[in-house]
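Engineer: for reference, the sequence and a predicted model appear below.
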Amino acid sequence: VGVSREIRRDPLTGEHVILASERIVERGPHSGPVVQAADCPFCPGHEAHTRPTIAAVERDGRWVARAFANKWPMLMVEDALGAAQHGPHEQISGPGAHEVVVEAPEHTPLHTLPVDRTADALALAVTRIRDLRNDRRLAVLQWFRNQGTGAGASQPHPHAQIVGLPFVPERTRGIVDRCRAWAHTHDRALLGAIVEAERRDTRRMLTDEPDLVAFCAYAPRHPFEVWFVPTRDGGRFSALQTPEIDVLAAMIHRVTRAMIAVHGDVPLTTVALDGPEHEAPIGWHVRLAPRLLVRGGLEEASGVSVHSVFPERAAEWLRGAMGARV
Ligand SMILES: [Zn+2]
């Protein structure tokens, strides 16, 4: 079976789809039983079962976080950039990148390990994103983590992924447009205005520190969706440095533990949202949400989410689990 990769675009919604045939051939969407540590390609000693290490963080002579190319990439750096229009259909053959960041040597969920693991893993991811940024064909560098098979993770070993896209997705373009429009009218960053509003109305706030705040989103797409937003305007996720990374890691670790305390062992998705790498920065933020819902017809048809959890109430639950007062 030949391998083919294509990016296509829905002519009506403008949304992109990445088609990568080998991923389907190699493993189905619902792969079999959970991988045990003895068979786990991400465990120490099994490095030869993955692509070669690109970068790693080492402590006491062993790696604690390790980055390498995905064995079943959605996109590859080697592919050439091109676009073709076939009547209403737009096809992009593009270079991309798809890396895995194994976030700990331990074969156990990241939130059960010391917070240093989260910090080292995040630092390695940011280093990789900064390196990939040198390839100017990659418009958007997306960091994300799926925890638990229900969230799409194919491996129980804690890991995050970085995907470099040669196009700007519709959702990203919408975020950029709204940030620019707000900045134009209000002469300040939209994310900064959001932080200010959440600090004023403390009902959704989970933790408020000088450089970073975490709160339940005002209009959450998912129940219990939490945003982590820096208090300084206009930075880039790819430009994060050590002290900020440590603060973000500690906050993600703490909120994840609270999420698991409230919901039990639910699948979680954590994503960093930022604008295109080679456009003026709009500021970044991270979103973390448990995957409690299967998207239904209204969501599918319109993009409109419907659920029953007011974020003001979700924040009370999470603050309780964090032992936090705001
Ligand atoms: Zn493992």
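Structural biologist: Perfect, thanks for sending it.

Engineer: what packs against the longest helix along the chain?
Structural biologist: Secondary structure of the chain read by DSSP state H shows that its longest helix is helix 242-263. For helix 242-263, the packing partners by 3 or more Cβ pairs under 8 Å, 6 or more residues apart in numbering; DSSP states H and E come out as helix 115-132, strand 205-208, strand 212-216, strand 226-230, strand 268-273, strand 285-290, helix 311-322. In short, each C-beta sits where N, CA and C put it, glycine included.

Engineer: dump the ones you listed to CSV, plus mean pLDDT.
Structural biologist: Formatted as CSV, the helices and strands packed on helix 242-263 follow (pLDDT from 0 to 100):
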stretch, mean pLDDT
helix 115-132, 98
strand 205-208, 98
strand 212-216, 98
strand 226-230, 98
strand 268-273, 96
strand 285-290, 97
helix 311-322, 97
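
Engineer: of all the ones you listed, which lies closest to residue 301?
Structural biologist: strand 285-290 (21.1 Å; Cβ to Cβ).

Engineer: contacts only, for the residue of the stretch 201-326 of the chain found nearest the ion.
Structural biologist: The stretch 201-326 of the chain approaches the ion most closely through residue 265 (17.2 Å), counting by Cβ to the ion. Applying Cβ atoms under 8 Å, 6 or more residues apart in numbering to residue 265 gives the contacts residue 148.

Engineer: the strands in the stretch 1-150 of the chain, which residues?
Structural biologist: Under the criterion DSSP state E, counting those that start in this stretch, the stretch 1-150 of the chain contains strands at 5-9, 16-20, 53-59, 62-69, 82-86, 89-93, 97-102, 140-147.

Engineer: can I get the helices and strands packed on helix 242-263 in a markdown table including mean neighbour count?
Structural biologist: As requested, the helices and strands packed on helix 242-263 are arranged in a markdown table below (neighbours: other Cβ atoms under 10 Å):
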| stretch | mean neighbour count |
| --- | --- |
| helix 115-132 | 22 |
| strand 205-208 | 20 |
| strand 212-216 | 25 |
| strand 226-230 | 23 |
| strand 268-273 | 21 |
| strand 285-290 | 22 |
| helix 311-322 | 18 |
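
Engineer: rebuild the ones you listed as TSV, extending it with distance to residue 168.
Structural biologist: Formatted as TSV, these follow (distance: least, Cβ to Cβ, whole Å):
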stretch	distance to residue 168
helix 115-132	16
strand 205-208	31
strand 212-216	26
strand 226-230	21
strand 268-273	13
strand 285-290	17
helix 311-322	28
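
Engineer: got a pLDDT number for the residue of the stretch 201-326 of the chain closest to the ion?
Structural biologist: For residue 265, the model assigns a pLDDT of 84.

Engineer: residue 1 now?
Structural biologist: pLDDT for residue 1: 48.

Engineer: where does the chain dip in pLDDT?
Structural biologist: The chain contains residues with pLDDT under 70 at 1-3, 22-34, 149-155, 325-326.

Engineer: same thing but 80
Structural biologist: Low-confidence segments of the chain (pLDDT under 80): 1-4, 21-36, 76-81, 93-94, 148-155, 324-326.

Engineer: quick check: residues of it near the ion?
Structural biologist: Residues of the chain lying close to the ion by Cβ under 5 Å from the ion are 40, 42, 43, 107, 157.

Engineer: burial count for the closest residue to the ion within the stretch 1-150 of the chain?
Structural biologist: Relative to the ion, the nearest point of the stretch 1-150 of the chain is residue 40 (3.0 Å; Cβ to the ion). For residue 40, the count of nearby residues is 18 (other Cβ atoms under 10 Å).

Engineer: could you find the closest non-adjacent residue to it?
Structural biologist: residue 157 (5.3 Å; Cβ to Cβ, 6 or more residues apart in numbering).
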